[in-house]
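Student: Structure, please.
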Amino acid sequence: MRVWALPLALLVVALCVTYSVARRRQPEPPIVPIRPAAVNPEALARRLMSIQGAGWPRSRKFDCSKLKCVALTFDDGPGDYTDRLLDLLRQRDVRATFFVIGQMVAADKGGRMTRRIVDEGHEIGNHTWSHPPLAGLSHEEVERQLQHTEDLVEKLTGVRMQVMRPPYGSTNHEVAAEARREGLAQILWSVDTLDWLNRVPSLVAKRAGEAKPGAIVLMHDIHRTTVDAVPAVLDILQKKGYTFVTVSELYGKTPSPGRTYTER
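Tutor: Got it, this is the predicted structure:
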């Protein structure tokens with residue numbers, strides 16, 4: 001047994017070394033990249049929308065009963081200066097509410113700016129199709145003014161609007177009843193900057209800066225001078241300790257359809 005022990009051990013070692021060297025000499029198998037399956041953009045968009053729901057992007061949570069909140073609102077767009085306004089708001093991480101006119105949305109090539117308003121977390125509201133004083137219209141015309149804009153915005157963004165602003169603040173019981181049927185709360189304002197009348201950025205900023213806690217501030221993103229005023233508006237209100245919120249965030253929930261709101 002002692003005679004065979006050493007040769008047998010040497011044989012086992014030799015076989016192991018040979019096997020190991022042989023394995024190292026064999027070429028490594030080629031690395032085959034894994035290609036992702038083709039994605040259908042439309043199908044992906046539909047899936048994301050079903051996950052996110054009609055209220056996407058969801059509101060942030062603020063307790064405006066304790067915070068000094070202010071809701072900045074912009075009417076009559078989207079227009080030539082809306083992109084720049086959105087840039088300014090994004091740089092400062094500020095959300096606002098945009099009350100859009102259906103005809104302006106239709107003129108927005110491919111709905112790009114309209115979608116950008118929603119994608120960047122702003123609230124979007126109905127400002128009718130062609131900006132008439134609603135209180136002087138028939139029920140059928142009020143319905144058409146609201147529905148046409150509602151349907152177009154939903155088609156472009158997937159979001160069904162839940163707030164509206166009657167042009168010129170022109171409303172009555174009939175308008176309120178139609179807004180209720182459409183699922184839209186009526187949002188007026190407590191601070192009018194008169195930016196359409198006095199197109200002076202410093203004056204617009206001064207008037208906006210006089211907002212009290214819970215205020216809804218009226219401005220128009222179709223005026224260059226208004227957009228020019230926005231950095232000063234933000235500076236003035238931030239120095240006073242204000243938190244910028246959307247209209248729905250101001251109330252902590254979606255305002256009730258048909259009801260009229262001017263401030264918190």
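Student: ranges for the helices of the stretch 1-150 of the chain?
Tutor: Ranges of helices in the stretch 1-150 of the chain, per DSSP state H, counting those that start in this stretch, are 2-25, 41-52, 82-91, 102-107, 112-119, 139-157.
Student: Packing partners of the fourth one?
Tutor: Put plainly, it is helix 102-107. In terms of contacts (3 or more CB pairs under 8 Å, 6 or more residues apart in numbering; DSSP states H and E), helix 102-107 is packed against helix 139-157. All C-beta atoms are positioned from the backbone trio N, CA, C, and that covers glycine.
Student: can you check the last one too?
Tutor: Applying 3+ CB pairs under 8 Å, 6+ apart, one finds that helix 139-157 makes contact with helix 102-107, helix 112-119, strand 123-126, helix 173-181.
Student: Can you say which of these is packed in most?
Tutor: Burial of those is given as mean neighbour count (mean count of other CB atoms under 10 Å); strand 123-126 ranks first at a mean of 26.
Student: Give me the contact list for it.
Tutor: If you take CB atoms under 8 Å, 6 or more residues apart in numbering as the criterion, strand 123-126 is touched by 59, 73, 95-100, 114, 117-118, 146, 149-150, 153, 157, 159, 161-165, 182, 184, 187, 246-249.
Student: tell me the mean pLDDT over it?
Tutor: Averaged across strand 123-126, pLDDT comes to 98.
Student: swap in stretch 226-245?
Tutor: Rounded mean pLDDT across stretch 226-245 is 98.
Student: Work out the gap between it and the centre of the chain.
Tutor: Mean C-alpha position of stretch 226-245 versus that of the full chain (CA atoms, centre = their mean, to the nearest Å) differs by 19 Å.
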